[in-house]
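Undergrad: Provided below for reference: sequence and predicted model.
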Amino acid sequence: MRILLAFENSLSRDFAQNHLATSDPGPVMMTAASLAEALALANEAQDLAVVALDLQMPDMRGLRGLRQFRRDCRHRVPVAVMDSRPDMMSVADLTAAGASGFLPYNLGPAAFLGALRLLAAGERHFPVDMMNLPPPLSIELTRREHDVLAGLRGGLSNRDIAKSLSVSEVTVKHHIKSLRGKLGARNRLHAVCRANELQIR
């Protein structure tokens with residue numbers, strides 16, 4: 001999976017290039033420092049899977065930059081925007097401009113990569129506090145559901161989770177179905193993202 005990340009902050013670019021890429025050897029990271037550079041890199045890439053654009057880049061001009069990227073990029077790939085203030089814009093405005101998601105600066109590395117994988121798979125990713133519905137007051141997971149969630153966070157297959165917990169794959173599937181229901185998740189990857197958003201450990 002080839003990921004293009006465009007950050008205004010050079011430290012963020014270095015982190016993405018050096019830490020995110022080495023912590024998960026699957027993705028290939030490309031970084032840019034401006035909208036213009038991001039467009040040039042995107043149009044040269046052959047197998048681009050997902051793009052994230054920092055709204056604070058000088059040439060972004062807010063959502064106008066996102067619209068420009070959508071118009072001028074030859075790839076029809078999911079594009080997310082990044083910023084520190086999700087409360088400054090609505091999901092409706094973002095999707096109307098062509099965004100598939102919003103990634104706040106305070107996402108941890110695992111949650112950030114999980115969100116990008118979700119976007120690359122064709123899903124959307126918006127923080128709970130951007131939605132008009134309040135987040136659930138409390139979500140109670142059983143001990144086994146916590147164990148299965150830890151396996152999902154580790155990228156384990158159902159078979160590997162079952163083996164590590166000494167249970168059957170059918171039991172693991174049952175726990176995943178229960179997790180998805182409690183978290184309001186569409187699939188196992190979305191369940192991990194939802195658990196991260198809700199700070200469930």
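TA: Noted; the coordinates are in hand.
Undergrad: same question for stretch 141-150, mean pLDDT?
TA: Rounded to a whole number, the mean pLDDT of stretch 141-150 is 90.
Undergrad: quick one, longest strand in the chain?
TA: Determined from DSSP state E, the single longest strand within the chain is strand 48-54.
Undergrad: ok, and what's touching it?
TA: Contact with strand 48-54 is made by 1-9, 12, 35, 38, 42, 60, 65-66, 69, 73, 75, 77-83, 103, 116, 119-120, as judged by C-beta atoms under 8 Å, 6 or more residues apart in numbering. Yep, even glycine has a C-beta here, placed from its N, CA and C like the rest.
Undergrad: in the helix or strand that it is followed by, what counts as buried?
TA: Moving toward the C-terminus from strand 48-54, the next helix or strand (DSSP states H and E) is helix 63-72. Applying a neighbour-count criterion of 16 or more other C-beta atoms under 10 Å, one finds 63, 65-66, 68-69 buried in helix 63-72.
Undergrad: closest one of those to Ile176?
TA: Minimum distance to Ile176 across the buried residues of helix 63-72 is 34.1 Å, recorded for Leu66 (C-beta to C-beta).
Undergrad: could you report the distance from Ser178 to Pro27?
TA: Remark: distance between Ser178 and Pro27 (C-beta to C-beta, to the nearest Å) = 30 Å.
Undergrad: pick out the residue closest to the middle of the protein.
TA: For the chain, the residue nearest the mean C-alpha position is Ala115 (1.2 Å; C-alpha atoms, centre = their mean).
Undergrad: can I take it that it is in a helix?
TA: Yes - under DSSP: H, G, I helix; E, B strand; the rest coil, Ala115 falls within a helix.
Undergrad: how near is it to Phe102?
TA: According to C-beta to C-beta, Ala115 and Phe102 sit 9 Å apart.
Undergrad: what residues are shared contacts of the two?
TA: Contacts common to Ala115 and Phe102, judged by C-beta under 8 Å, 6+ apart, are 80, 125.
Undergrad: neighbouring strands - and their directions - for the longest strand of the chain?
TA: strand 2-6 (parallel), strand 79-83 (parallel) (DSSP bridges).
Undergrad: can you put these in CSV and add distance to Arg188 and mean neighbour count?
TA: Output for the strands paired with strand 48-54, formatted as CSV (distance: least, C-beta to C-beta, whole Å; neighbours: other C-beta atoms under 10 Å):
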stretch, distance to Arg188, mean neighbour count
strand 2-6, 20, 24
strand 79-83, 20, 22
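Undergrad: mean pLDDT added to those, as JSON lines?
TA: Supplementary listing: the strands paired with strand 48-54 in JSON lines, determined by pLDDT from 0 to 100:
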{"stretch": "strand 2-6", "mean pLDDT": "88"}
{"stretch": "strand 79-83", "mean pLDDT": "91"}
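Undergrad: may I see the buried residues of stretch 124-133?
TA: Under the neighbour-count criterion of 16+ other C-beta under 10 Å, stretch 124-133 has 124-127 buried.
Undergrad: want to throw those into TSV with distance to Ala52 and secondary structure?
TA: As requested, the buried residues of stretch 124-133 are exported to TSV (distance: C-beta to C-beta, whole Å; DSSP: H, G, I helix; E, B strand; the rest coil):
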residue	distance to Ala52	secondary structure
Arg124	14	coil
His125	10	strand
Phe126	14	coil
Pro127	14	coil
